Every structure is written in structure tokens, then in C-alpha cells.
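> what follows is a protein structure lacking sequence information:
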Ligand code: NI
């Protein structure tokens, strides 16, 4: 009883240590970001829809806490590289893309909590570049490949675990609505294929608060 009373008094005397995510905080996370397309497309030359491969890159997030619970976050990454093909032919082309995304976020619990789950919603812009057919594609009479940039909504759920005042661990899952048009020529005939990428992105990393 005496010990418990003592501990209680001590707890009351200590300042309320803010551990995680206070208004005005700026933090950055870095880790692995794996893009898994849930792809589909118009029928390509009567051979079905495009397959788009997964890819893992360095993911980065930059977050500003406007209040103890509301954050604004920019998602960025080194360029993702995807193989694009058809089930019947295998890979026909490769393309690179950058999908910067701006999120408005709500962090649950309060600034003393070691664990901060959060949800976010925002807007994604994806730019595609370096789209090229490989030898298989060229041999099949394919040329002049281009992939249109995309704007779409994005969502996320995530969890920060505060290790100490400066460092945290993070796991998060992002969804991006990415729809594009793939244009190319087949033996000189123009083809425009509506294609959806709509990936899930799996992020695991560490964060640092400045
Ligand atoms: Ni979509």
C-alpha cells in the first residue's frame, strides 16, 4: 500500500513526457515499399489482359503533424520498375513509374502513446517513363510504346511504434487508384489499351523525428 502510494505520487510529479507525434512535429520514415498491382486491362490483340509484375524500392514518407492527431504526409520512393506482358507471350516490355502521393491522416490515441495507429486518404499522381518493348515485343511487331500519367485517390492504414523520443518503427499498407492508357503500334496499327494498375503497396521501415 505504501509502495503503491509512493509510485502514484512519483508518477504525478513526473512531467507528462510526450513520446510520439505532437502538433508541430516533423518526421521522416524510410523502408522497403513493395508495389503489388491488382492489374487488368482491355483485351490486348485478342490475347487477354496485361500482367504487371511486383516491384520493391526504397520508400520514403515525410510527415508534418498539424495537431497531436492530424498529419499531412508525402509518400515518395525511388522509381519502381515493372515488367509488362501477356500470359501467352511472357514479358513484352518494361516501364518505370514514380507515384508521389499526398495524404491527410488521422492518428489515434494521444501524444503519450507508444503506439499510434493511423488512417489516411489523399491524392496520387503517377508518372510513367522509360517504357520500352524488349526483343520479344519487337519480334512480335510491337513499337512506339507510351504509358499515360495518372491521377487518382489513395488510402492508407498504418502503425507507428515509438522506440524512444526520436525513433519509431512503422508498418503501413497503401492503396492507390492508378488507371492509365497504354499506347503502342502493332505492325503499324495504333493500339490504345485501357489499363488499371490499382496497386497495394506494403511498407516496412523506421522513422526519425526531427
Ligand atoms: Ni482504378
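Perfect, I can see it now. This structure is a prediction, so every number in the text was calculated from the model and none was measured.
> run through the helices of the chain in chain order.
Assigned by DSSP state H, the helices in the chain fall at 2-13, 135-139.
> weakest of these in terms of mean pLDDT?
Lowest mean pLDDT within these: helix 2-13, a mean of 58.
> hey, what's residue 36 bridged with?
Here residue 36 sits in beta bridges with residue 200, as judged by DSSP bridges.
> list the contacts for it?
Residue 36 sits next to 54, 199-202 when contact means Cβ atoms under 8 Å, 6 or more residues apart in numbering. From N, CA and C alone the C-beta is placed, and that goes for glycine too.
> and the pLDDT for it?
98.
> from now on call the first residue 50
In the new numbering, first residue 50, that becomes residue 85.
> that one and the ion: what is the separation?
The spacing between residue 85 and the ion, counted by Cβ to the ion, to the nearest Å, is 14 Å.
> ok so, going back, return the member of the contacts of residue 85 nearest to the ion.
Closest approach between these and the ion, by Cβ to the ion: residue 248, at 9.8 Å.
> show me what contacts the closest one?
Here residue 248 is in contact with 84-87, 224-225, 227 (criterion: Cβ under 8 Å, 6+ apart).
> need those residues in CSV (columns: distance to residue 211).
As requested, the contacts of residue 248 are exported to CSV (distance: Cβ to Cβ, whole Å):
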residue, distance to residue 211
84, 27
85, 28
86, 33
87, 33
224, 25
225, 27
227, 32
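> just the buried ones from the residues you listed?
For the contacts of residue 248, a neighbour count by 16 or more other Cβ atoms under 10 Å gives the buried set as 84, 86, 224-225, 227.
> neighbouring strands for the longest strand seen in the chain, and are they parallel or not?
For the chain, the strand with the greatest residue count under DSSP state E is strand 164-182. Using DSSP bridges, strand 164-182 pairs in its sheet with strand 139-147 (antiparallel), strand 150-156 (antiparallel), strand 199-211 (antiparallel).
> tabulate these (a markdown table), appending mean neighbour count and mean pLDDT.
Formatted as a markdown table, the strands paired with strand 164-182 follow (neighbours: other Cβ atoms under 10 Å; pLDDT from 0 to 100):
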| stretch | mean neighbour count | mean pLDDT |
| --- | --- | --- |
| strand 139-147 | 19 | 98 |
| strand 150-156 | 19 | 98 |
| strand 199-211 | 18 | 98 |
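> tabulate those in CSV, adding columns for distance to residue 186.
CSV is the format used below for the strands paired with strand 164-182 (distance: least, Cβ to Cβ, whole Å):
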stretch, distance to residue 186
strand 139-147, 4
strand 150-156, 30
strand 199-211, 22
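> those: which one's closest to residue 234?
strand 139-147 (12.7 Å; Cβ to Cβ).
> so where's the chain shaky on pLDDT?
Where the chain drops to pLDDT under 70, the residues are 50-67.
> what parts of it come near the ion?
Within the chain, the positions adjacent to the ion are 226, 228, 245, 247 by Cβ under 5 Å from the ion.
> what sits against the residue nearest to the first one when sequence neighbours are not counted?
The one in question is residue 226. Distances taken as Cβ to Cβ, 6 or more residues apart in numbering place residue 201 nearest to residue 226, at 3.4 Å, with adjacent residues excluded. When contacts are counted by Cβ under 8 Å, 6+ apart, residue 201 touches 172-173, 175, 225-228.
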